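no sequence on this one, just coordinates:
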């Protein structure tokens, strides 16, 4: 095998070892965390929508 081939093989081997060390979430944890992320995204989106609407109304009052 070439030097590049040896390095690639070692790299893939190291990836396999590191992936065995990963603490993978359970299905329940994944579901809960996904729900939390979606709720936070919704809240932040609503916050910025309200902020944008308010600032637009203020600017309309100033301009006209």
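Structure received. Since the model is a prediction, treat every value here as computed from it, not as a measurement.

The helix-or-strand element of the chain with minimal mean pLDDT: what's the following helix or strand?
Ranked by mean pLDDT, DSSP states H and E, the weakest helix or strand in the chain is helix 3-21, scoring a mean of 94. Heading C-terminal from helix 3-21, the first helix or strand you meet, by DSSP states H and E, is helix 27-63.

which other helices and strands contact that following helix?
Helix 27-63 sits against no helix or strand, with contacts defined as 3 or more CB pairs under 8 Å, 6 or more residues apart in numbering; DSSP states H and E. No exception for glycine: its C-beta is placed from N, CA and C like everyone else's.

Would you point out which residue is most central in the protein?
Nearest to the centroid of the C-alpha atoms of the chain, with distances taken as CA atoms, centre = their mean, sits residue 37, at 8.5 Å.

Work out the gap between stretch 22-36 and the centre of the chain.
The chain centroid and the centroid of stretch 22-36 are separated by 13 Å, computed with CA atoms, centre = their mean, to the nearest Å.

Would you state the predicted confidence (pLDDT) at residue 1?
Note on residue 1: pLDDT of 58.

for residue 27, same thing?
pLDDT, residue 27: 97.

And the one 4 residues further on, by the same measure?
pLDDT, the model's per-residue confidence, is 98 for residue 31.
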